[in-house]
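Asks: I'll drop the sequence and a predicted model, then ask my questions.
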Amino acid sequence: MKRSVTKPGRGMQSVLVILIVALAVIVIVWMFRPHPRQGVVQCSDGPHQLVDATQFQTQYWTYSLKLEASAADKIKLGGELVPKQLQQLSEALQQGNEIRKWLVNSYNACAITQSNYQAYGQTFARMDTVARSINQLDNGGASSETSRKELDALVAEYIQLSRELGKTK
């Protein structure tokens, strides 16, 4: 007896084509996904260990982000910050954030030297320390005249540090 061999139907062929195309798309997307940059870049001032922006943010910007969140929520720090100070603080936070991104990208692209990068890092560390102090005063409430003056001085220092970052850029 002869067996009749049947060809797969159009429905089965369509399913196979769709599966092959889907598999090809998955492979292409996987191949071109963003990879975290790791390693070392050779620059004119020596090798630069590539910096991950998230790592930089964690190291130098943690308390500034908390401060930014409280300013963005329009929490009056200690109930006493005048709107002009709040606006200046918000602008300083935004400027610092933009310079942080520029700094990491410039360092990874050999556009700035290691010594410049370290100087910026020191300024960011000072900003983070000041932001921590502002957050502590905010959490404790700056109700007394002394704590109010301390808060004003810290906000002014933070704004000044941000301006220093902008000048050296």
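Replies: That came through, no problem. Numbering: from 1, shown residues only.
Asks: buried ones in stretch 160-169?
Replies: Neighbour counts over stretch 160-169 (16 or more other Cβ atoms under 10 Å) mark Leu161, Ser162, Leu165 as buried. (C-beta placed from N, C-alpha, C; glycine too.)
Asks: Run through this protein and note the low-pLDDT ranges.
Replies: 1-9, 33-38, 57-82, 138-143, 168-169 (pLDDT under 70).
Asks: my read: His48 touches Asn108, true?
Replies: Yes: with contact defined as Cβ atoms under 8 Å, His48 and Asn108 form a contacting pair (6.9 Å).
Asks: Residues that sit against both of those two, list them.
Replies: Residues within reach of His48 and of Asn108 at once, by Cβ atoms under 8 Å, 6 or more residues apart in numbering, are Val41.
Asks: Might you specify the subset of the buried residues of stretch 160-169 located within helices?
Replies: Applying DSSP state H to these, the entries found in helices are Leu161, Ser162, Leu165.
Asks: would CSV of those residues with distance to Asn116 be doable?
Replies: As requested, those are exported to CSV (distance: Cβ to Cβ, whole Å):
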residue, distance to Asn116
Leu161, 16
Ser162, 17
Leu165, 12
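Asks: out of those residues, who's nearest Ala131?
Replies: Leu161 (9.7 Å; Cβ to Cβ).
Asks: give the contact list for the closest one.
Replies: Taking Cβ under 8 Å, 6+ apart as the test, what Leu161 contacts is Ala92, Thr123, Arg126, Met127, Val130.
Asks: Excluding chain neighbours, what is closest to it?
Replies: Met127 (4.8 Å; Cβ to Cβ, 6 or more residues apart in numbering).
Asks: again, but for Cys43
Replies: Cys110 (3.6 Å).
Asks: That neighbour: neighbour count?
Replies: Residues lying near Cys110 (other Cβ atoms under 10 Å) number 13.
Asks: now do Tyr117
Replies: Neighbour count for Tyr117, taken as other Cβ under 10 Å: 19.
Asks: The helix or strand harbouring Leu103: how far from the chain's middle?
Replies: If you go by DSSP states H and E, Leu103 is part of helix 83-108. Between the centre of helix 83-108 and the centre of its chain there are 10 Å (Cα atoms, centre = their mean, to the nearest Å).
Asks: Now do the helix or strand that that helix is followed by: which elements does it pack against?
Replies: Downstream of helix 83-108, the first helix or strand assigned by DSSP H and E is helix 114-140. Helices and strands touching helix 114-140, by 3 or more Cβ pairs under 8 Å, 6 or more residues apart in numbering; DSSP states H and E, are helix 53-60, helix 62-72, helix 83-108, helix 145-168.
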